[in-house]
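>>> sequence unknown, structure follows:
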């Protein structure tokens, strides 16, 4: 290695990307922590609507990397896309700041600013996300690809340091309650402003340090304009250009439209969710149709697809943090943490904190197992991650089972949930990023990262759907009681509410009926959490059963 390497054996460029991603994740997770609470408390949306918007927003944030990866590979290069994406996300956060500044005097304008901000952040994230992940893999020559699991775990620690800081600072300044528990809804703007400033810091770090450190061991810039790229990292005989026939391109477009219509009209998904699901399937089909693919390349890409499918269920459960789990923290949790009454949006902080604590130990664990020839292959690690997240929801389900309408969940159970989910995340997410880097043909590097992020997009869309089936929590029953309505009797259908009572419930964003999922009525929090236990538990078992076949299809890549 040249002077761009450090004693750890990792290039200095990794730490530049680490810092850039850290501040970007501060921006994203800080905004995410308060977004649904802002929509419900300031913009007067109900929790189900906020959950669906939240899921659609996150889903589109992981759909647009497909576009960003394509543009980087063909036109702008990774570097320019990262800078463009960073500036767009900063602008989006400033628009959220404006939305949170004007809602009290002009709710319609605030709503328009919200949608504009989310749209700009979605496209900014699309330019930023796949390209910075792709550059991590590009830092390592092909003889050092074995270091990628460790490199991505270090990179992932940067992600979660940023998440920790964002989920600490944005709730402190943006989710403010007085001693009586009354929320200052005008404080949300300061949380969004902090997120905007963080994004500008991250973009500046990358701009000023990229030329010095984000280079190959020989000192060549990584991620420049595609026409200037040097292709000596390709395997012998490996094609350097994708070859899509006209028939394949037309088939992808027709497939996208047809699948979108099926998801929308047959499976009753909204337009955004239908686009996300259809995009993932049609793009995956297009890539695998490339006539230049060898059998080994095609098998490896299929492994990425299979793993990506199971990742959907992980993110559908994990991303309840910003919607249903935040609402539960707000409405039915005793948030006293060693004498400090935490803002509900800050409870998410434990995930980022635990990743910062455990990322290096997990990295060392994989290294140690590798030294002794006992490291499990990536799909096994990911199956363990799915099993752990099922376990986390199983524990929380039994702790809410006997709460009733007035009981409060102790915050320690949410902390335990985030601890277990952090271990699950470290078994799955950085390992998945590394897997794409090791299995992707180089000509598809950024595009296949975009495809992998589409599984995140589908998971977030499913998270929005599942978050919207959250049944009424404790504060809802108390609020209904204050209005003279027995909400439990209404939900049990033993009492028929009057038209006036229905209007009161609607004005206070309380549904008079229980939500339904897959034909089953969700009557309480226990049943709600068991949905995630079943989905993730089954996914873990099936993925583990497939691992022998996947190992063969990886053709020697671990």
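Now that the structure is in, tell me what you want to look at. These figures come from a predicted structure and were not determined experimentally.
>>> now do the SS call for the spatially closest residue to residue 190 that is not a sequence neighbour.
In space, residue 190 comes closest to residue 173 once its chain neighbours are excluded; the distance is 4.1 Å by Cβ to Cβ, 6 or more residues apart in numbering. From N, CA and C alone the C-beta is placed, and that goes for glycine too. Using DSSP: H, G, I helix; E, B strand; the rest coil, the structure places residue 173 in helix.
>>> check contacts around residue 173.
Taking Cβ atoms under 8 Å, 6 or more residues apart in numbering, we find residue 173 in contact with 187, 190, 191, 194.
>>> so which of those wins on neighbours?
residue 191 (29 neighbours; other Cβ atoms under 10 Å).
>>> relative to residue 115, how far out is that one?
Residue 191 sits 19 Å away from residue 115, going by Cβ to Cβ, to the nearest Å.
>>> for this structure, longest helix please?
helix 107-138 (DSSP state H).
>>> pLDDT on that one, on average?
For helix 107-138, mean pLDDT is 90.
>>> how about the helix or strand containing residue 477: buried residues?
Using DSSP states H and E, residue 477 sits in helix 474-482. By 16 or more other Cβ atoms under 10 Å, the buried positions in helix 474-482 come out as 474, 475, 476, 477, 479, 480.
>>> tell me what it is packed against?
helix 324-331, helix 487-491 (3 or more Cβ pairs under 8 Å, 6 or more residues apart in numbering; DSSP states H and E).
>>> what lies in contact with the shortest one?
Judged by Cβ under 8 Å, 6+ apart, the contacts made with helix 487-491 from elsewhere in the structure are 405, 472, 476-477, 480-481, 495-497, 501, 505, 510, 512-514, 523.
>>> which of those residues fall within helices?
Using DSSP H, the contacts of helix 487-491 in helices are 476, 477, 480, 481, 501, 505.
>>> which of the residues you listed sits closest to residue 532?
Here the nearest of the ones in helices among the contacts of helix 487-491 to residue 532, counting by Cβ to Cβ, is residue 476; it sits at 20.9 Å.
>>> excluding chain neighbours, what is closest to that closest one?
Residue 476 sits nearest to residue 510 (Cβ to Cβ, 6+ apart), 5.1 Å away.
>>> these two touch, right, the one you found and residue 475?
No: applying Cβ atoms under 8 Å as the test, residue 510 and residue 475 come out as separate, 9.7 Å apart.
>>> what helices or strands is the one helix or strand in the chain whose mean pLDDT sits lowest leaning on?
In the chain, no helix or strand scores lower on mean pLDDT, DSSP states H and E than helix 65-71, which sits at a mean of 79. Here helix 65-71 touches helix 77-102, helix 107-138, helix 445-467, going by 3+ Cβ pairs under 8 Å, 6+ apart.
>>> list of residues touching it?
81, 85, 123, 125-131, 134, 279, 283, 446-451, 453-454.
>>> can you select the buried ones from those in ChimeraX?
The buried residues among these can be selected in ChimeraX (16+ other Cβ under 10 Å) with this line:
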select :81,85,123,125,126,127,128,129,130,131,134,279,283,446,447,448,449,450,451,453,454
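>>> sorry, back to before: relative to residue 19, which of the contacts of helix 487-491 is nearest.
For the contacts of helix 487-491, the nearest to residue 19 is residue 476 (42.7 Å; Cβ to Cβ).
>>> shaky segments in the protein?
1-9, 142-146, 149, 227-243, 446 (pLDDT under 70).
>>> tell me the contacts of the residue located most distally from the centre of it?
Distance from the centre of the chain peaks at residue 498, with 41.7 Å (Cα atoms, centre = their mean). Listed by Cβ under 8 Å, 6+ apart, residue 498 has no contact partners.
>>> distance check, it against residue 558.
Distance from residue 498 to residue 558, by Cβ to Cβ: 65 Å.
>>> same check on residue 260?
37 Å.
>>> neighbour-wise, which of those two wins?
Legend: neighbour count by other Cβ under 10 Å for residue 260 and residue 558, higher for residue 260 (21 against 13).
>>> can you tell me the element that one falls in?
Judged by DSSP H and E, residue 260 forms part of helix 246-261.
>>> could I get the buried residue list for whatever helix or strand comes next after that helix?
Per DSSP H and E, helix 246-261 leads on to helix 271-288 as the next helix or strand towards the C-terminus. For helix 271-288, burial by neighbour count (16+ other Cβ under 10 Å) applies to 272-287.
>>> which is the next helix or strand following helix 271-288?
Beyond helix 271-288 toward the C-terminal end (DSSP H and E), the next one is helix 295-318.
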